[in-house]
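Undergrad: Next one to model:
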Amino acid sequence: MMDNELIEKVLDEIRKKVDLKNFDQEQLNKIIKSSSENLMQRQNNDIRKENKIDNEREVDSMSAPSPITEYVGTSNYGDTVGLVIANVDSMLHEKMGIDKKYRSIGIISDRTGAGPQIMAADEAVKATNTEVVSIELPRDTKGGAGHGALIILASEDVSDSRRAVEVALRDTNRTFGDVYGFDAGHVELHYTARASYALNKAFGAPIGKSFGIIVGAPAGLGVVMADKALKTANVDLVSYASPGNGGTSYTNEVIITITGDSGAVRQSVVAAREVGLSIARSMGQNPVSTTGKPYI
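TA: A predicted model of the protein is given here:
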């Protein structure tokens, strides 16, 4: 069914071309159908042009000119920067524990988020010939109750490292969708149908299995979210991190990770999100998606 606005546009197009009094109903129907198809095609073309412009802007922002060859770009969220080193210094290479067959590294570093960047790095590893060397979660006061992240990826060819960083930077625009910040803390959720090596390195995720991350701050909020998630569906608890058990960098949050069937993991993550956001609102807070586009 066409909406009223589209019908009016179609009729305007027809009035410009024909005298309606000289046409019977069947002829009018044919003209309306033809005109509406042409208008819809033009609208679709306009949408495609807008999407192309948006994509070009995103690429431009990542590819901003820089005199530093190591600079790859930035993400829109989390103060995330992507860097690459074509040939790592031999002494640094050894101290970082990088396999000798890899000479190049990609670096993803940020001040807030951690989870979104690790999820994005996981997608980058799937898409490129790179290996995860290390993932660290530094305590960062800009992150309020949470972490930043330092992710090191390695490859034999610098083009693979650069491509992995580009993929990760671009994907953080998606993975920040289910990070909800507010003055008193944050609620953070992540889900993938197929975990890869970055999630395995950071959280011990079973490779190739569905995987979810549930984070709540302050820490008490995270405990309730964790309990709700585990009671909602038949999932397995992979890890539990709290401020004092060594699982976080003494951040004021609780983090659990879960695995299981895809539908069950997603159901648990969504249930945890709902209870976390409800508690935040009960505290008088206004939790808002970082991007305005939740992806789970």
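Undergrad: give me the number of residues near residue 189?
TA: 27 (other C-beta atoms under 10 Å). (Each C-beta comes from the backbone N, C-alpha and C, glycine too.)
Undergrad: how about the nearest residue to it once chain neighbours are set aside, phi and psi?
TA: Distances taken as C-beta to C-beta, 6 or more residues apart in numbering put residue 178 closest to residue 189, at 4.3 Å, once the chain neighbours are dropped. When read as degrees, to the nearest 10, the backbone of residue 178 gives phi -110, psi 40.
Undergrad: This structure: strands as residue ranges?
TA: Along the chain, the segments classed as strands by DSSP state E run 71-74, 81-85, 104-110, 131-136, 149-155, 179-182, 185-192, 210-217, 236-241, 254-260, 288-289.
Undergrad: could these go into a markdown table alongside mean pLDDT?
TA: A markdown table is the format used below for the strands of the chain (pLDDT from 0 to 100):
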| stretch | mean pLDDT |
| --- | --- |
| strand 71-74 | 94 |
| strand 81-85 | 97 |
| strand 104-110 | 97 |
| strand 131-136 | 96 |
| strand 149-155 | 97 |
| strand 179-182 | 96 |
| strand 185-192 | 97 |
| strand 210-217 | 98 |
| strand 236-241 | 97 |
| strand 254-260 | 98 |
| strand 288-289 | 96 |
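Undergrad: hey, which of the ones you listed is tucked in deepest?
TA: Among the strands of the chain, strand 210-217 has the highest mean neighbour count (mean count of other C-beta atoms under 10 Å), at a mean of 28.
Undergrad: now for it, which elements pack on it?
TA: Using 3 or more C-beta pairs under 8 Å, 6 or more residues apart in numbering; DSSP states H and E as the contact test, the elements touching strand 210-217 are helix 115-127, strand 185-192, helix 197-203, helix 219-232, strand 254-260, helix 262-282.
Undergrad: any chance of the strands of the chain in TSV, plus distance to residue 203?
TA: TSV is the format used below for those (distance: least, C-beta to C-beta, whole Å):
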stretch	distance to residue 203
strand 71-74	25
strand 81-85	22
strand 104-110	16
strand 131-136	9
strand 149-155	12
strand 179-182	17
strand 185-192	10
strand 210-217	7
strand 236-241	6
strand 254-260	5
strand 288-289	23
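Undergrad: Can you say which of the ones you listed is nearest to residue 119?
TA: Among the strands of the chain, strand 185-192 comes nearest to residue 119, with 5.0 Å by C-beta to C-beta.
Undergrad: mind listing what the closest one pairs with, with the direction of each?
TA: strand 179-182 (antiparallel), strand 210-217 (antiparallel) (DSSP bridges).
Undergrad: Distance to residue 77 for these - can I get that in TSV?
TA: Listed next are these as TSV, based on distance: least, C-beta to C-beta, whole Å:
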stretch	distance to residue 77
strand 179-182	8
strand 210-217	16
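Undergrad: closest one to residue 250 among those strands?
TA: For residue 250, the closest of the strands paired with strand 185-192 is strand 210-217, at 12.5 Å, according to C-beta to C-beta.
Undergrad: pLDDT below threshold where in the stretch 1-150 of the chain?
TA: Within the stretch 1-150 of the chain, the ranges that satisfy pLDDT under 70 run 1-65, 143.
Undergrad: switch the cut-off to 50
TA: Residue ranges of the stretch 1-150 of the chain with pLDDT under 50: 1-2, 55-56, 59-61.
Undergrad: would you list every one of the helices in it?
TA: Secondary structure of the stretch 1-150 of the chain, counting by DSSP state H, counting those that start in this stretch: helices at 4-17, 25-62, 90-95, 115-127.
Undergrad: quick one on the thing from earlier: in contact with the residue nearest to residue 189, which residues?
TA: Residues in contact with residue 178 (C-beta atoms under 8 Å, 6 or more residues apart in numbering) are 188, 189, 190, 273, 289, 294, 295, 296.
Undergrad: residues contacting the most centrally placed residue in the chain?
TA: Geometric centre of the chain, nearest residue: residue 175, 1.4 Å, by C-alpha atoms, centre = their mean. Residues in contact with residue 175 (C-beta under 8 Å, 6+ apart) are 115, 116, 117, 119, 120, 190, 295.
Undergrad: Which strand residues bridge the residue lying closest to residue 137 once chain neighbours are set aside?
TA: Distance criterion C-beta to C-beta, 6+ apart; nearest residue to residue 137, sequence neighbours excluded, is residue 147 at 4.2 Å. Counting by DSSP bridges, residue 147 is bridged to residue 139.
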